[in-house]
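**Student:** here is a sequence with its predicted model. Questions after.
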2 protein chains.
Amino acid sequence: MNKVKIALLGLGNVGKGVWEIFKNNTEEIIRRSGCEIEITKILVNDINKDRGIEVPNEILTDNIEEILNDNSIQIIVELMGGVDPAADYILRAIKSKKHVVTANKQLIAIQGKELLDLARKEGVLFYYEGSVAGGIPILKGIEESLTANKIEEIVGIINGTTNYILTKMSLEGMDFETALKEAQEKGYAEADPTSDIESYDAVYKLAILTSLSFGINVNVNDIYREGISKISSHDIQNAKEFGYTIKLLAIAKERGNSLELRVHPTMIPLNHPLSNVNDSFNAILIKGNAVGDLMFYGRGAGSLPTGSAVASDIISILRNDMTLRSISLVENADLQKTILPREEFTSRYYLRLTVKDVSGVLGQISTILGKNDVSISSFIQKGEKDANNIVRIVFITHDTLEGNIMKSIEDLKKLEVVDEIKNLIRVEKFI
Amino acid sequence: MNKVKIALLGLGNVGKGVWEIFKNNTEEIIRRSGCEIEITKILVNDINKDRGIEVPNEILTDNIEEILNDNSIQIIVELMGGVDPAADYILRAIKSKKHVVTANKQLIAIQGKELLDLARKEGVLFYYEGSVAGGIPILKGIEESLTANKIEEIVGIINGTTNYILTKMSLEGMDFETALKEAQEKGYAEADPTSDIESYDAVYKLAILTSLSFGINVNVNDIYREGISKISSHDIQNAKEFGYTIKLLAIAKERGNSLELRVHPTMIPLNHPLSNVNDSFNAILIKGNAVGDLMFYGRGAGSLPTGSAVASDIISILRNDMTLRSISLVENADLQKTILPREEFTSRYYLRLTVKDVSGVLGQISTILGKNDVSISSFIQKGEKDANNIVRIVFITHDTLEGNIMKSIEDLKKLEVVDEIKNLIRVEKFI
C-alpha cells in the first residue's frame, strides 16, 4: 500500500484533533484514501510542553526547516493560525512541491488568491475546508455540488462564540457580560474575545464563502461589520415580542451585478430554520437558482469537528492521486462585481429609542421617517414613563434603503423630544 | 475550449430541469467545468409529444441505438427511472466507455454495486447524487467530506411526499386522506402513491446512504419498512400533547458490528431540528465520530433541485478530466455487517389502544408490560368512556427491545379488558 508522510504545523486544539482522528479512525482512513498516512513531523513552539496527548516526542520539532527540507514529506497541514509566519511557511512548502491543507481563515481570506495561484502554478493541491464553519463541509459543498447553480444568496451563522452568547441571552435571559464570561469559562470564547465579538472572525469566513460562491476576490475591508456587544436584554426581549430571535448573521446577496456583503446582529423570524441553531452550532443557508434553499448545519468549531474537515482534505488530496485538482477560488476570482456601499443595503430595521412623554411625539417621529421614505410596520411603547418623563419605544420599519435609515437617525437625534437612539438592528425577512 | 457532447435518457420532470439549467446557467457551467457542454441527443418515448419546453425537435430520438452507437457522445445521463430498461442502457453505455450520471434511486439501490464495479473495470466515471434527496449534496458530502469519520448514525426525512402529508396533518389538522388528495393535486404525490406512502422510495434511498456510509452492500429487503397510512389524527394530536411531532424517518445506526436499518413514522421532540423540516423539504442528520452531528436540509425533489444535482455530477466528471475517480460504493461494499432483525431494534414506543373501563385494567396492562421487561414513561387517558364503556389510552415506554414490545402486544391482545391495539409508533430520543 502507498505510504504517505505528512507534517503538521501546530499542535493546538485542531492539531490535537487531527492527531486523534488519524489514531482512532485508521481503518476508515486507509479504506477511503487507499493510503497509509504517517504524521512524521509536528512543528511546535515548545517541544517539552505537556499537551495532555500521547505524541511521540521524537516527531516534535521547533525547526520549520526540518519539515520544509524533508523531501519525503508530501503534505503540509498548517494549523497555526494568523498570517505570519503561516503565509511564509505555506509559500515555501508550495515551492517545495508539497501539497497544502490549512484551516486558517484569516490567511485564506487575506492572501488566499495569491497562495492558490502559486499552488496552481507549481502543480500542488491546496485545500482549506476547515477554515469556514469547522466540520460543516460547506466549501466542498459549494465547490463540488452547487456548480450548476448561479448562487444568489448566502446567509450564515458562522461564529460559534457569538451564537453561544446570543443563545444564552435569548433562552436563559442572561445579559451580554454574564454570557460572555460563561463562554470564556467553557472555552467557547478567548481571553481577548474581540475577534469573535466584533465579528472579524465572521468577516474572514464570509470573504471566503463569497469568493467561492460569486467568483470574485473579496477584500475583507469591503465587508460591512458590526459586533454583538451592543445587543441588550431589552433588544432580546423586544425581538421575542415581535416574533423574532437575534442571531449574528453573515450575509452575501447578489443584486444585479453588485453584491451586498454584511455581518451584523439580525432579527430573524422564530419559525425560520436558522432561529433554532443554538449554542455553538453553525448553519449556512445557500440559495441557488436551481437547487433553491439549502442549509448545512453542524459544529462550527472544536478540536474534532475542525479536525474532521482537515483530515478529510488530506484524504481528498490522496484520492486525487496527487494530481492537480485544486479548489477553484483561483479561477473564480477574476469576475468583477461592485460591492454595494452600506447606504444601498436593503432591509427592514428595528429601532429602539427613548423619547419625552409629550403629546405629538409620535407625529414628529413619523414625519421625519416619512420625509426619508421610511414607513413603519410595527410599533410598541415599552412600559410607563420614568421619573424624568422619558418613555421607551421600539419600531420595526418596512423594507427600506439603509441610507434612508441613517438619514432618519441623524434627523431624529436633532429632535428636541428624542432623548436617545438606543439601538438599530436589521430584520431579515427571508422571502 | 473543450467541447463535450452528452445525451439525456428521458425528458420528464428531472430531464426538463437539467435542460433548463444548461440553458440558463451556461456562463457559470462553462466557468466551473472549463467545457462547453452540448446536449446532442435526448431519448424519449414519443418525439411528437408537447412537453411545454423549447427543445429542438431534431435532438429528440426514440431509438437508444442512435445514442449508444454515437462515439462523439461522452456522457450518458439516465433520467428514465425504474430498473428496466435503464439498467441495460447503462450497462451498454459503460461498455461503450461512456461516463454515466443517473438520478435513479431504485436502480442504484438494487443494482448499484454491479454497475459501479463494471464502471470501475471499464475506466468510466459513474455519479448518482440526484438519486437521494434531490438537490441536497448528501452523497458527495459523505463521499468527499466525511471520509475521516467513522459514521455512527444517519437519520433522515428523505421522502417529500410523506413529509408534505404529515406536515398538513400536523399543522393544519387535515386527516390522512385529505392531505394525500391535496398532495396529489399539487403534484407532490403520484396517482398511485404506493411507493411514497408505503416507504419503498425511502427504503431505496436509505439503502444507498447506508452503502456509502457504512461500507456495505445493502439488500433493500433487509430494511424494515412501514408506511404512514396508519397514522391518524389521534396520533398526531397525542404526539403534540407529549411534546412530539410525527415524521417518516429513515434510520441507519451502527450497533457494534451490526446495523439497525428501518424506515417508519417516528415521534421526534418538537425542539429537534428535524421537527421543523416541513412540507416537501428533506433533511438528513449524520453523526460522525469526529464531526459530531451534521445536518443537510433542502429540496428533496423537483425538476430544478434534482436537476441541480444531476448537472453538478456532469460537471464533476468534466473537472476530473474524465480520469477515473468514481464514488466509492464499490470499494466500500466489501465490508460485512449483520443487519439486525426487527426484534433487536431498540427504541421507545408509543402505544395507542382502547380498553374496557373496568377497575384494574391498568394493573393488568402494567403486569403484562412488566413481564416483558417494558416500563412506562408517560401515560394519558384520552377523554371519557364511550357508550360501549370503552376508553382510549396511550402510553410511551422507556427504551426497550422491539421484540419485547411485539410480545407485549400479543399478550395484550389476549386480555379480555383490551378492546383493540390501535397503533404502535416508535419514539426517537436523540441522545
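**Tutor:** Okay, I see it. Numbering: from 1, shown residues only, chains lettered A, B, ... in the order given.
**Student:** tally of neighbours for the residue nearest to A:Asn257 when sequence neighbours are not counted?
**Tutor:** In space, A:Asn257 comes closest to A:Lys337 once its chain neighbours are excluded; the distance is 5.9 Å by Cβ to Cβ, 6 or more residues apart in numbering or on different chains. (C-beta placed from N, C-alpha, C; glycine too.) Residues lying near A:Lys337 (other Cβ atoms under 10 Å in any protein chain shown) number 17.
**Student:** can you check A:Asp88 too?
**Tutor:** The local packing of A:Asp88 (other Cβ under 10 Å) involves 11 other residues.
**Student:** got the CA coordinates for the helix or strand harbouring it in PDB?
**Tutor:** According to DSSP states H and E, A:Asp88 maps onto helix A:86-95. Output of helix A:86-95 as PDB, limited to C-alpha atoms (Å, rounded to 0.1, in the frame of the first residue of the first chain):
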ATOM      1  CA  ALA A  86       2.000  30.800   8.300                       C
ATOM      2  CA  ALA A  87       1.900  32.500   4.900                       C
ATOM      3  CA  ASP A  88       5.700  32.200   4.600                       C
ATOM      4  CA  TYR A  89       5.800  28.600   5.600                       C
ATOM      5  CA  ILE A  90       3.000  27.700   3.100                       C
ATOM      6  CA  LEU A  91       4.600  29.600   0.300                       C
ATOM      7  CA  ARG A  92       7.900  27.800   0.800                       C
ATOM      8  CA  ALA A  93       6.000  24.400   1.100                       C
ATOM      9  CA  ILE A  94       4.300  25.000  -2.200                       C
ATOM     10  CA  LYS A  95       7.600  25.900  -3.800                       C
END
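**Student:** can you list contacts of that helix?
**Tutor:** Contacts to helix A:86-95, defined as Cβ atoms under 8 Å, 6 or more residues apart in numbering or on different chains, come from residues A:9, A:64, A:68, A:76, A:78, A:80, A:100, A:102, A:104, A:107, A:111, A:115, A:118-119, A:122, A:124, A:126.
**Student:** mind listing what's buried in it?
**Tutor:** Residues A:86-87, A:89-94 are the ones in helix A:86-95 that count as buried (16 or more other Cβ atoms under 10 Å in any protein chain shown).
**Student:** per the record, what domains does chain A have?
**Tutor:** According to automatic domain parsing, chain A comprises the domains A:2-135+A:304-332, A:138-299, A:345-427.
**Student:** isn't A:Ile47 right up against A:Ile59?
**Tutor:** No - shown here, A:Ile47 and A:Ile59 do not form a contact pair, counting by Cβ atoms under 8 Å, at 10.1 Å.
**Student:** between these two, who's got more neighbours?
**Tutor:** A:Ile59 (15 against 12).
**Student:** what does the stretch 251-400 of chain A put close to chain B?
**Tutor:** A:271, A:273, A:276-277, A:288-299, A:302, A:304-305, A:307-309, A:311-312, A:314-316, A:319-320, A:323, A:325, A:328, A:331-332 (Cβ under 8 Å from any Cβ of the partner chain).
**Student:** and those residues, which of them are buried?
**Tutor:** For those, buried by 16+ other Cβ under 10 Å: A:273, A:276-277, A:288-299, A:302, A:304-305, A:307-309, A:311-312, A:314-316, A:319-320, A:325, A:328, A:332.
**Student:** out of those, which sit inside helices?
**Tutor:** A:304-305, A:307-309, A:311-312, A:314-316, A:319, A:332 (DSSP state H).
**Student:** and the residue in the stretch 251-400 of chain A that chain B sits nearest to, how far from A:Val417?
**Tutor:** Nearest residue of the stretch 251-400 of chain A to chain B (Cβ to the nearest Cβ) works out as A:Ala311 at 3.3 Å. Remark: distance between A:Ala311 and A:Val417 (Cβ to Cβ, to the nearest Å) = 61 Å.
**Student:** for the residue nearest to A:Asn25 when sequence neighbours are not counted, grab phi and psi.
**Tutor:** Nearest residue to A:Asn25, sequence neighbours excluded (Cβ to Cβ, 6+ apart): B:Lys150, at 5.4 Å. Torsion angles at B:Lys150 (phi, psi; degrees, to the nearest 10) stand at phi -90, psi 120.
**Student:** swap in A:Ile380?
**Tutor:** Phi and psi for A:Ile380, reported as degrees, to the nearest 10, are phi -140, psi 140.
**Student:** what pLDDT is listed against it?
**Tutor:** A:Ile380 carries a pLDDT value of 87.
**Student:** name all residues that make contact with it.
**Tutor:** With Cβ under 8 Å, 6+ apart, A:Ile380 has these contacts: A:238, A:241-242, A:393-394.
**Student:** tabulate those (a markdown table), appending neighbour count.
**Tutor:** Shown next, in a markdown table, are the contacts of A:Ile380 (neighbours: other Cβ atoms under 10 Å in any protein chain shown):
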| residue | neighbour count |
| --- | --- |
| A:Asn238 | 22 |
| A:Glu241 | 11 |
| A:Phe242 | 16 |
| A:Ile393 | 18 |
| A:Val394 | 22 |
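**Student:** list the contacts of A:Val391.
**Tutor:** A:354-357, A:381-385.
**Student:** go with 10 Å
**Tutor:** Contact analysis of A:Val391 by Cβ atoms under 10 Å, 6 or more residues apart in numbering or on different chains lists A:353-358, A:361, A:381-385, A:419.
**Student:** the stretch 1-150 of chain A: strands as residue ranges?
**Tutor:** Along the stretch 1-150 of chain A, counting by DSSP state E, counting those that start in this stretch, strands occupy A:2-9, A:35-43, A:60-61, A:73-78, A:99-102, A:126-127.
**Student:** dump those strands to TSV, plus distance to A:Lys230 and mean pLDDT.
**Tutor:** Output for the strands of the stretch 1-150 of chain A, formatted as TSV (distance: least, Cβ to Cβ, whole Å; pLDDT from 0 to 100):
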stretch	distance to A:Lys230	mean pLDDT
strand A:2-9	37	96
strand A:35-43	40	96
strand A:60-61	44	97
strand A:73-78	35	98
strand A:99-102	33	96
strand A:126-127	37	93
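**Student:** would you turn those into JSON lines with distance to B:Glu38 and mean neighbour count?
**Tutor:** Below are the strands of the stretch 1-150 of chain A laid out as JSON lines (distance: least, Cβ to Cβ, whole Å; neighbours: other Cβ atoms under 10 Å in any protein chain shown):
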{"stretch": "strand A:2-9", "distance to B:Glu38": "38", "mean neighbour count": "20"}
{"stretch": "strand A:35-43", "distance to B:Glu38": "38", "mean neighbour count": "19"}
{"stretch": "strand A:60-61", "distance to B:Glu38": "54", "mean neighbour count": "17"}
{"stretch": "strand A:73-78", "distance to B:Glu38": "38", "mean neighbour count": "24"}
{"stretch": "strand A:99-102", "distance to B:Glu38": "35", "mean neighbour count": "27"}
{"stretch": "strand A:126-127", "distance to B:Glu38": "32", "mean neighbour count": "28"}
